[in-house]
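Trainee: This is the structure alone, sequence omitted:
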């Protein structure tokens, strides 16, 4: 696999929002990744017909939007907040709950990362559910790529980095990208270790066990299912909308 072809656009991986200032690139497309569970839930919402998702950073903002009549999905540490309509399980974003609706969304790690990434050229949401669509979008856009792992409270996490390796591999195989980023190379190594059985590999993840402790781990297989959708969520102004891949 060629990783250092200088004639192509570069890939970088940022393991944590705390490291983002060291990777910030206003010319790059930033792929925000929070596999367990925000980016997977966002994809699920658009699969089931949501028209718009409004990510907010704080619970106070989410409460104010609820008072204005919005449907609100909000959690901290995986637990739904008492004022919210539901939390951030992808299974909550059913057609009955979200079809044709605008959803306000606030999570422990993911929505803060989306706002942080807005300094980039474009912000999109990456998950296993839309891996190929994201790859095609990035190839078509033809810009540098920064994969921002939402992590866990500014710390490294395994599942987001695992996905970053999968996306890095897809982009490098296309021969449209190269990397000299050690974080990208490390994520590739993790992906190659676990790709034949992602669920078994992610079993060691701390977030997997946080979810299990709270009986929220029913989404594990769903969140690691590839290409359920051709939708790439894109940040436009302060909200996410679905971009569909037709080719």
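Mentor: It's in. Quick caveat, the model's predicted, so the values are computed rather than measured. Numbering: from 1, shown residues only.
Trainee: most residues in a single helix of this structure, which one?
Mentor: Ranked by residue count and defined by DSSP state H, the top helix of the chain is helix 158-173.
Trainee: Mind giving me the packing neighbours of the next helix or strand after it?
Mentor: Later in the chain than helix 158-173, the nearest helix or strand by DSSP states H and E is strand 177-178. Contact partners of strand 177-178 among helices and strands, from 3 or more C-beta pairs under 8 Å, 6 or more residues apart in numbering; DSSP states H and E: strand 9-14. Every C-beta, even on glycine, is put in place using the N, C-alpha and C of the backbone.
Trainee: Which residue is the nearest non-sequential neighbour of residue 87?
Mentor: Spatial nearest neighbour of residue 87, chain neighbours left out: residue 80 (3.5 Å); criterion: C-beta to C-beta, 6 or more residues apart in numbering.
Trainee: same thing with residue 61?
Mentor: Residue 61 sits nearest to residue 106 (C-beta to C-beta, 6+ apart), 6.9 Å away.
Trainee: dump the residue contacts of that neighbour.
Mentor: By C-beta atoms under 8 Å, 6 or more residues apart in numbering, the contact set of residue 106 is 55, 56, 57, 58, 59, 61, 62, 72, 73, 74, 75.
Trainee: try residue 18
Mentor: 151, 154, 155 are the contacts of residue 18 under C-beta under 8 Å, 6+ apart.
Trainee: show me where pLDDT drops low in this protein?
Mentor: Scanning the chain for pLDDT under 70 picks out 1-7, 245-247.
Trainee: where do the strands sit along this structure?
Mentor: 9-14, 29-33, 52-55, 71-76, 79-80, 102-106, 122-126, 145-149, 177-178, 231-236, 239-244 (DSSP state E).
Trainee: of all those, which lies closest to residue 96?
Mentor: For the strands of the chain, the distance to residue 96 is smallest for strand 71-76, at 11.6 Å, taking C-beta to C-beta.
Trainee: Contacts for the closest one next, please.
Mentor: Contacts for strand 71-76 (C-beta under 8 Å, 6+ apart): 41, 59, 62-63, 65-66, 80-81, 83-88, 92-93, 97-98, 101-108.
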